[in-house]
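Student: pasting a predicted model and its sequence here:
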Amino acid sequence: MPADLAFDALADPVRRQILGVLAEREECTVGELAERITSIGRTGVSSHLRVLRAAGLVTERKAGRFRHYSIDPAGPARDVIATLQALFQGALADAGRAATATEAAATDADIQDSRSAG
Amino acid sequence: MAALLLPAEEWTDASPVTTFGLFGAGAGAGWVFDAVCDRVAAGAVVRMGAPLGGPVADQVEIIGRITEARPPSPARGHAGQGGRIEIVHDQPWRGRIKLRFDADRGGTRVRLFAELDEAGLEWLMRRRGLPAGHGAALNPNARLGLLNSKSGLGSMFGAATDHMAMLAVEEINAEGGVRGRPVELVVGDDASDPAVGVAEARRLVRAGCRTILVATTSATYFAVSRALAGTEVLLIQPHMNEGGGTGPLRVQLGEHHEGQLAAAVRPLMRAAGGKRWFLAGNDYCWPRSTHAAARRILPRSGARVVGERYAALGTRDFTQVIDAVTASGADIVLSTFVGADAAAFERQCHAMGLRERCVTLAPAMDESTLEHVGADAAPGLYAVSGYVEQLASPGNAVLLHRYREAYGRWAPPLSTLSESVFEAAHIWWSAARRVGADEPRLIAEAMRPGSFQLPRGTVTLDDSGRVTQDLFVTEATGTGLRPVSL
């Protein structure tokens, strides 16, 4: 079962970190990943990517000299990670809108106050 | 905590101070910012309803504690000190949510980092109907099942349950496991729904568990017991219960409701200075049978029942129940609400002024739930159980030390509902190590009769599995449940 392999793959904190970066950036090259994950070098990142690919968590796309990596859309973790990411992003967007509205209301009240004071 | 890190980011033209101030204000600012907490300060319990969807389509409560809250400095437009909020949570998975508020381009850059551990990812995948982990047992480990409530109303009291089971299994394995095989804990989630509980119990059985600790409501325990009738699987109910689940492969360890009532009725009448009781609770088997027991037991102490009401699981407005209690002139409410419903009921009793004329006895109130009742609504609330976190016993001191060492100062409090799972695992082991983990019938036979020295004290099982243990009447305070003699 890919799911069982997936859990072995996820047992490593660096591999979870790679997935986190891919969840944020959609697609990365090994070099881009190595820039973000400074605890290991490019070779380390490459070997972790091999494990993640074997577990069906990450896919590879070749374009010229570069290989681009992304979370496998058909992989077992994609759905969950994407859902959670969307939930948290949506919550922040709601908070941002509410903050704008709160500040606008406070400013309106200030204007009202200064008018009635005048 | 090494975990999968999910970042999110948003910019708003409002100031950091305004944006930070929305957290916990209930201002309709999205599910994260509309977190429910009494104050935004380190140590405060917090819960947020994540609209997660999935096969069990309802919202999932993330329950934890604020571990850091630093408001942004008011300086606007330049690099003043940013604000930060950090939440560590145990339900439905162990994780951390960090919020950062930084002045940026005349507004605020809000960032969120959510950490998710392996168990959390596994839980979420299963929740969304994806296959995840723990296939049929291919390894020689002895598997012990735990059915817990990680969402729904039971998630409040289930907070420390996984931790307690893990701690017990670590101790068991340090002592050599079962006949040289390490014990592996496999956890299922009933989502506080008996039908989900049955499906999860079957999954645990497929994974090779021959014993399941069913740490859920009695409604799930009985549903699982019926579904697994005729299979060679031992079910152990660690929690307080109404009995009735007997059989060679059924063991109910928790406090029996008749014993709880017998211990608490007279002390409560002394505390209240009255003998009129109102029975109020959730509408399922444990509250109904506990009320029936109260109608048998109360008259023996000269008490009178002046009213009774039920509310569906998940009720959040108890105005009708509280109005009925007020109209009845009751001195004492026997509350058989559980989990989140119990917390909401007690808060509303306090808010509506009922506490001034009436005390509550809540046999299912535990420290995890009490944290959500809050310090203001705690006075006048009493409970009765075989264990409380503040119990002064040498065994409990050792347990608390190990628990805090393993899970840290922000982990949820222990209570009879989580500690009993630790004890159930140890009682199971004391039998399984003699007869083997794959002999559920022999394990059950080896458990009873038996006498066990546990953190709560001595627990005795007779031939028929009837449990004897000391029970404590406790009063609720802002810091937990405290044994009292009334």
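Tutor: Sure thing, it's come through. Numbering: from 1, shown residues only, chains lettered A, B, ... in the order given.
Student: for A:Ile18, see how far away the residue nearest to the spatial centre of chain A is.
Tutor: The centre of chain A sits closest to A:Glu24, judged by CA atoms, centre = their mean, with a distance of 2.5 Å. Between A:Glu24 and A:Ile18 the computed distance is 11 Å (CB to CB, to the nearest Å). C-beta here means a position set from N, CA and C on the backbone, and glycine is covered the same way.
Student: could you say what helices and strands the longest helix seen in chain B packs with?
Tutor: Ranked by residue count, the top helix of chain B under DSSP state H comes out as helix B:416-435. Helix B:416-435 sits against strand B:142-148, helix B:161-174, strand B:211-214, strand B:234-237, helix B:440-447, strand B:450-454, with contacts defined as 3 or more CB pairs under 8 Å, 6 or more residues apart in numbering or on different chains; DSSP states H and E.
Student: mind listing what's buried along that helix?
Tutor: Buried residues in helix B:416-435, counted by 16 or more other CB atoms under 10 Å in any protein chain shown: B:416-429, B:431-433, B:435.
Student: give me the residue from the stretch 1-150 of chain B nearest chain A.
Tutor: Proximity of the stretch 1-150 of chain B to chain A (CB to the nearest CB) peaks at B:Gly30, 2.8 Å away.
Student: which non-adjacent residue is nearest that residue?
Tutor: A:Asp94 (2.8 Å; CB to CB, 6 or more residues apart in numbering or on different chains).
Student: report the buried residues of the strand or helix carrying the one you found.
Tutor: Assigning secondary structure by DSSP states H and E places A:Asp94 in helix A:78-117. Residues A:78-81, A:83-85, A:87-92, A:94-103 are the ones in helix A:78-117 that count as buried (16+ other CB under 10 Å).
Student: then stretch B:449-458?
Tutor: Neighbour-count burial for stretch B:449-458 [16+ other CB under 10 Å]: B:Phe452, B:Leu454, B:Pro455, B:Arg456, B:Gly457.
Student: quick one, grab the pLDDT at the residue of chain A at minimum distance from chain B.
Tutor: Using CB to the nearest CB, A:Asp94 is the residue of chain A that sits closest to chain B, at 2.8 Å. Per-residue confidence (pLDDT) for A:Asp94: 96.
Student: against B:Val473, how distant is B:Gly273?
Tutor: According to CB to CB, B:Gly273 and B:Val473 sit 16 Å apart.
Student: so the two - more neighbours on which side?
Tutor: Taking other CB atoms under 10 Å in any protein chain shown, B:Gly273 and B:Val473 do not tie; B:Val473 has more neighbours (22 against 9).
Student: highest mean neighbour count out of the helices and strands packed on helix B:416-435?
Tutor: Stretch with highest mean neighbour count among these: strand B:211-214 (a mean of 29; mean count of other CB atoms under 10 Å in any protein chain shown).
Student: now it: average pLDDT?
Tutor: 98.
Student: that strand pairs with which strands, parallel or anti?
Tutor: strand B:142-148 (parallel), strand B:234-237 (parallel) (DSSP bridges).
Student: the helix or strand following the shortest one pairs with which strands?
Tutor: Along the chain past strand B:234-237, the next helix or strand (assigned with DSSP H and E) turns out to be strand B:250-252. According to DSSP bridges, the neighbouring strands of strand B:250-252, each with its direction, are strand B:234-237 (parallel).
Student: for the chain, give me the ranges with low pLDDT.
Tutor: With no chain named, the answer covers chain A. For chain A, the stretches flagged by pLDDT under 70 are A:1-8, A:11, A:73-74, A:76, A:113-118.
Student: right idea, wrong chain: chain B
Tutor: B:1-3, B:53-58, B:75-80, B:129-140.
Student: run a quick neighbour tally on B:Ala397.
Tutor: By other CB under 10 Å, 12 other residues sit near B:Ala397.
Student: which SS state does it fall under?
Tutor: Assigned by DSSP: H, G, I helix; E, B strand; the rest coil, the conformation of B:Ala397 is helix.
Student: shouldn't B:Val373 be in contact with B:Gln348?
Tutor: No: assessed by CB atoms under 8 Å, B:Val373 is found out of contact with B:Gln348, at 10.4 Å.
Student: okay, the two: which has more neighbours?
Tutor: More crowded of B:Val373 and B:Gln348, by other CB under 10 Å: B:Val373, with 22 against 17.
Student: which ones are touching the residue lying closest to that one once chain neighbours are set aside?
Tutor: Nearest residue to B:Val373, sequence neighbours excluded (CB to CB, 6+ apart): B:Glu346, at 4.5 Å. Contact analysis of B:Glu346 by CB atoms under 8 Å, 6 or more residues apart in numbering or on different chains lists B:Ser335, B:Thr360, B:Ala362, B:Met365, B:Val373, B:Ala377, B:Ala378, B:Leu381.
Student: which of these sits closest to chain A?
Tutor: Of all those, chain A sits closest to B:Val373, with 26.4 Å by CB to the nearest CB.
Student: next, give phi and psi for that closest one.
Tutor: phi -70, psi -40 (degrees, to the nearest 10).
Student: before we move on, what about B:Val60?
Tutor: B:Val60 adopts backbone torsions of phi -110, psi 130, taken as degrees, to the nearest 10.
Student: let me know whether it touches B:Gly120 as I believe.
Tutor: No: assessed by CB under 8 Å, B:Val60 is found out of contact with B:Gly120, at 11.3 Å.
Student: any idea how far B:Gly49 is from B:Ser218?
Tutor: Taking CB to CB, one finds B:Ser218 at 25 Å from B:Gly49.
Student: is B:Thr460 in a bridge, and if so with what?
Tutor: As for beta bridges, B:Thr460 partners with B:Ser451, B:Thr468 under DSSP bridges.
Student: now do the contacts for it.
Tutor: So B:Thr460 contacts B:Pro449, B:Gly450, B:Ser451, B:Phe452, B:Val467, B:Thr468, B:Gln469 (CB under 8 Å, 6+ apart).
Student: closest one of the residues you listed to chain A?
Tutor: B:Phe452 (35.0 Å).
Student: the closest residue to that closest one other than its chain neighbours: how many residues sit nearby?
Tutor: Spatial nearest neighbour of B:Phe452, excluding adjacent residues (CB to CB, 6+ apart): B:Val459 at 4.9 Å. By other CB under 10 Å, the residues close to B:Val459 number 20.
Student: hmm, B:Val459 is touching B:Val467, no?
Tutor: Yes: when contacts are counted by CB under 8 Å, B:Val459 is listed as touching B:Val467 (6.4 Å).
Student: and B:Thr474, that one's in a strand?
Tutor: Yes: assignment of B:Thr474 by three-state DSSP places it within a strand.
Student: doesn't B:Ala383 make contact with it?
Tutor: Yes: using CB under 8 Å, B:Thr474 makes contact with B:Ala383 at a distance of 5.0 Å.
Student: which residues do those two both contact?
Tutor: Jointly contacting B:Thr474 and B:Ala383 under the rule CB under 8 Å, 6+ apart are B:Leu481.
Student: quick check: residues of chain A near chain B?
Tutor: Near chain B, the residues belonging to chain A are A:1, A:3-4, A:6-7, A:10-11, A:13, A:16-17, A:19-20, A:23-24, A:76-77, A:79-81, A:83-85, A:87-100, A:102-103, A:106 when assessed by CB under 8 Å from any CB of the partner chain.
Student: neighbours of the one residue in the stretch 301-450 of chain B that gets nearest to chain A, how many?
Tutor: Across the stretch 301-450 of chain B, the shortest distance to chain A (CB to the nearest CB) belongs to B:Gly408, at 18.4 Å. When neighbours are defined as other CB under 10 Å, B:Gly408 has 11 of them.
Student: identify the residues contacting it.
Tutor: B:Val88.
Student: show me the contacts for A:Arg97.
Tutor: Shown in contact with A:Arg97 (CB under 8 Å, 6+ apart): B:Thr12, B:Ala29.
Student: before we move on, the earlier item: next step: the contacts of B:Glu346 restricted to helices.
Tutor: Short answer: the contacts of B:Glu346 in helices (DSSP H) are B:Val373.
Student: out of the contacts of B:Glu346, who's the most crowded?
Tutor: B:Met365 (30 neighbours).
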